[in-house]
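Visitor: this is the structure alone, sequence omitted:
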């Protein structure tokens, strides 16, 4: 078992190394930018997986934390100075803000039943969107504003590497988080909240902490996203961002951490290629329709998401092979 | 005289518009197994849920170690030393047997690990399925795990709801052996339909009918009282 577990680690290390080498062997600017987007949305999707996959919380307002990070970084780089130090500080400030706001929102709303919570997060997120639209002196409303990125990021490859490093660090942190005793209780809360309560745990504490972790990490993704575009407008606070994170998590595999990364890759690539086809075939100008079809097919053929289904198949094969000794899912991948 | 650990007096519970418990009273004495008996729908499960704070009581008192716990939240009640094994076992399907146990243990110090060893000696089958997901266990294995999970964290009082329900006779025998062993170190309130099992391990009984206590006493007296058994349990 231990050997297989290490093999999976080696596989991940090889993939990361290949991604590190990629910009030095390929001069495709498009691919560098596309992969950077995938890294950023992978971070966002993983943060959503902590809510949906590990704690069973459906939030329609996750974009507010993404937007918070994006606006904090954009405003600080524009208003103060576009340096690396300010970029790091802005990430910290964005995370702090997201952490505080997710803590208070969580404390007030996570007592509610899941559907009420989902609607409330949508309402609060809408509130932040309206605030960004109206506070024109700071955000310039729907038009948004451009800003200068730190000199270090003038070279797209540097930003690519920073985004990749953030993805790896966030993955390692979240992996440790979900495999900790705390993570086990989160899964228990998702599975049976009443039972968890009668074992002596207060589910609200666990949900609030999960919501803070998810919010803080979404804010990091937002900061990176703003710098990748050198532009921010209210689109970072819209429902579309939350839906993207939701789809990436569901298509990749809920409660798997690796799944949302795969989901982010699939969705970003699908968006890129489907919208690219519009030049040749006008019907693809409505690429979102085809995207919907891809989503329906994924849900029909991979109900547990891509990674979830692959794990299930490997697990079934192992169970068949080993007779009555099934291999636990976690050690398969 | 043994010390009274749990005293339930005139307990009333409403679920929605329904008045489910309409005056349940009983007590559990330290070191004993108190059995709640009654027909289906009499209110036995609701009584346990109300003690745990899962269905809040509308009237009455629940004294645990002389403190009224009626208004306390479930997790506080559990932390004060009451373990609960629900009727549906409440196994976390996506966690392995090991992880289910670790969630219940809460800490992994030497004393808790030693207790885990002791619990696994009581339920040796669990070792075989240690790495298996809770959702893939059979009914009997789930029952073992549910009881082991409640017992692994040292509780002063264990509430066990219908542990024999839907199990094969051989598994029921194992469950009974385990409860008999658990009785040596904790007080148990047992809800059980299987009178044969209840009479073998119970010290005291409380008969519940239509949400209210109708009779209580020593189990040996009930075993000999054919009229009570026929009237409230449909036996004989």
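Guide: Good, I have the coordinates. Bear in mind the structure is a predicted one, so any value in this text is a computation, not a measurement.
Visitor: can you give me every residue that contacts residue B:62?
Guide: B:6, B:7, B:8, B:11, B:50, B:51, B:68, B:69, B:70 (C-beta atoms under 8 Å, 6 or more residues apart in numbering or on different chains). C-beta here means a position set from N, CA and C on the backbone, and glycine is covered the same way.
Visitor: what do you get for residue A:148?
Guide: Residue A:148 neighbours (C-beta under 8 Å, 6+ apart): A:77, A:78, A:82, A:230.
Visitor: ok, so what distance separates the residue nearest to the second one when sequence neighbours are not counted from residue A:231?
Guide: With C-beta to C-beta, 6 or more residues apart in numbering or on different chains as the criterion, residue A:78 has its nearest non-adjacent residue at 3.8 Å, and that residue is residue A:147. Plainly put, residue A:147 is 7 Å away from residue A:231 if you go by C-beta to C-beta, to the nearest Å.
Visitor: quickly list what's touching both of those two.
Guide: With C-beta under 8 Å, 6+ apart, residue A:147 and residue A:231 have common neighbours residue A:74.
Visitor: follow-up on the earlier one: hmm, which of the contacts of residue B:62 are the buried ones?
Guide: Buried subset of the contacts of residue B:62 (neighbour count, 16 or more other C-beta atoms under 10 Å in any protein chain shown): B:6, B:7, B:8, B:11, B:50, B:51, B:69, B:70.
Visitor: show me those residues that map onto strands.
Guide: In this view, these that belong to strands under DSSP state E are B:6, B:7, B:8, B:11.
Visitor: and those as a markdown table, adding distance to residue B:92 and pLDDT?
Guide: Putting these into a markdown table (distance: C-beta to C-beta, whole Å; pLDDT from 0 to 100) gives the following:
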| residue | distance to residue B:92 | pLDDT |
| --- | --- | --- |
| B:6 | 27 | 95 |
| B:7 | 32 | 95 |
| B:8 | 29 | 95 |
| B:11 | 30 | 94 |
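Visitor: looking at these, spot the one nearest chain A.
Guide: Proximity to chain A was ranked across those by C-beta to the nearest C-beta; first place goes to residue B:6, at 15.6 Å.
Visitor: and that closest one, what are its bridge partners?
Guide: In this structure, residue B:6 bridges to residue B:28, residue B:64 when assessed by DSSP bridges.
Visitor: coming back round to it: got CSV for the ones in strands among the buried ones among the contacts of residue B:62, with distance to residue B:221 too?
Guide: As requested, these are exported to CSV (distance: C-beta to C-beta, whole Å):
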residue, distance to residue B:221
B:6, 21
B:7, 21
B:8, 20
B:11, 23
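Visitor: now, the most widely separated pair of these?
Guide: Spatial extent of these (C-beta to C-beta) is set by the pair B:6 and B:11 at 11.4 Å.
Visitor: show me which of the ones in strands among the buried ones among the contacts of residue B:62 is closest to residue B:31.
Guide: Closest approach to residue B:31 among those (C-beta to C-beta): residue B:6, at 12.5 Å.
Visitor: now for that closest one: which residues touch it?
Guide: Applying C-beta under 8 Å, 6+ apart, the residues near residue B:6 are B:27, B:28, B:51, B:62, B:63, B:64, B:157, B:187, B:189.
Visitor: near chain B, which residues of the stretch 51-200 of chain A?
Guide: By C-beta under 8 Å from any C-beta of the partner chain, the residues of the stretch 51-200 of chain A that approach chain B are A:181, A:184-185, A:187-188, A:190-192, A:194-200.
Visitor: could I have the buried ones of those residues as PyMOL selection syntax?
Guide: Buried residues within these, by 16+ other C-beta under 10 Å, are selected in PyMOL with:
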select buried, chain A and resi 184+185+187+188+190+191+192+195+196+197+198+199+200
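Visitor: at which residues are the strands of the stretch 101-250 of chain A located?
Guide: A:145-146, A:231-232 (DSSP state E, counting those that start in this stretch).
Visitor: which residues touch the last one?
Guide: So the one you mean is strand A:231-232. Contact partners of strand A:231-232, identified using C-beta under 8 Å, 6+ apart, comprise A:70, A:71, A:74, A:139, A:144, A:145, A:146, A:147, A:226.
Visitor: picking up where we left off before, of all the contacts of residue B:6, which two lie farthest apart?
Guide: The distance between the two most remote of the contacts of residue B:6 (C-beta to C-beta) is 14.7 Å, for B:62 and B:187.
Visitor: and for residue A:298, the neighbour number?
Guide: When neighbours are defined as other C-beta atoms under 10 Å in any protein chain shown, residue A:298 has 21 of them.
Visitor: which stretches of the chain have low pLDDT?
Guide: By default, I'm working from chain A. Along chain A, segments meeting pLDDT under 70 span A:1-7, A:319-333.
Visitor: ah, I was thinking of chain B
Guide: B:1, B:236.
Visitor: show me where it has strands.
Guide: B:4-15, B:18-29, B:33-37, B:57-64, B:67-68, B:82-85, B:157-161, B:187-191, B:204-209, B:212-218.
Visitor: residue A:49 is nearest to which of those?
Guide: strand B:82-85 (30.8 Å).
Visitor: and which of the contacts of strand A:231-232 is nearest to residue A:317?
Guide: Among these, and counting by C-beta to C-beta, the member closest to residue A:317 is residue A:70, at 43.4 Å.
Visitor: and that closest one, what element?
Guide: Using DSSP states H and E, residue A:70 sits within helix A:63-79.
Visitor: go on, residue A:268?
Guide: Short version: residue A:268 belongs to helix A:258-276, going by DSSP H and E.
Visitor: hey, where'd the helices end up in chain B?
Guide: Remark: helices assigned in chain B by DSSP state H are B:44-51, B:74-79, B:97-105, B:110-122, B:125-128, B:139-152, B:169-183, B:195-201, B:219-224, B:226-228.
Visitor: coming back round to it: in a markdown table: the contacts of residue A:148, plus neighbour count and distance to residue B:149.
Guide: What follows is those, written out as a markdown table (neighbours: other C-beta atoms under 10 Å in any protein chain shown; distance: C-beta to C-beta, whole Å):
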| residue | neighbour count | distance to residue B:149 |
| --- | --- | --- |
| A:77 | 24 | 52 |
| A:78 | 16 | 55 |
| A:82 | 17 | 55 |
| A:230 | 14 | 54 |
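Visitor: name the nearest residue to the residue nearest in space to the middle of chain B, ignoring sequence neighbours.
Guide: Most central in chain B under C-alpha atoms, centre = their mean is residue B:160, positioned 1.5 Å from the mean C-alpha point. Leaving aside its sequence neighbours, residue B:160 sits nearest to residue B:85 (C-beta to C-beta, 6+ apart; 4.5 Å).
Visitor: quick check: that neighbour vs residue A:172, distance?
Guide: Distance of residue B:85 to residue A:172, given as C-beta to C-beta: 38 Å.
Visitor: and those two? Which one has more around it.
Guide: Neighbours per residue (other C-beta under 10 Å) separate residue B:85 from residue A:172, with residue B:85 holding more: 25 against 11.
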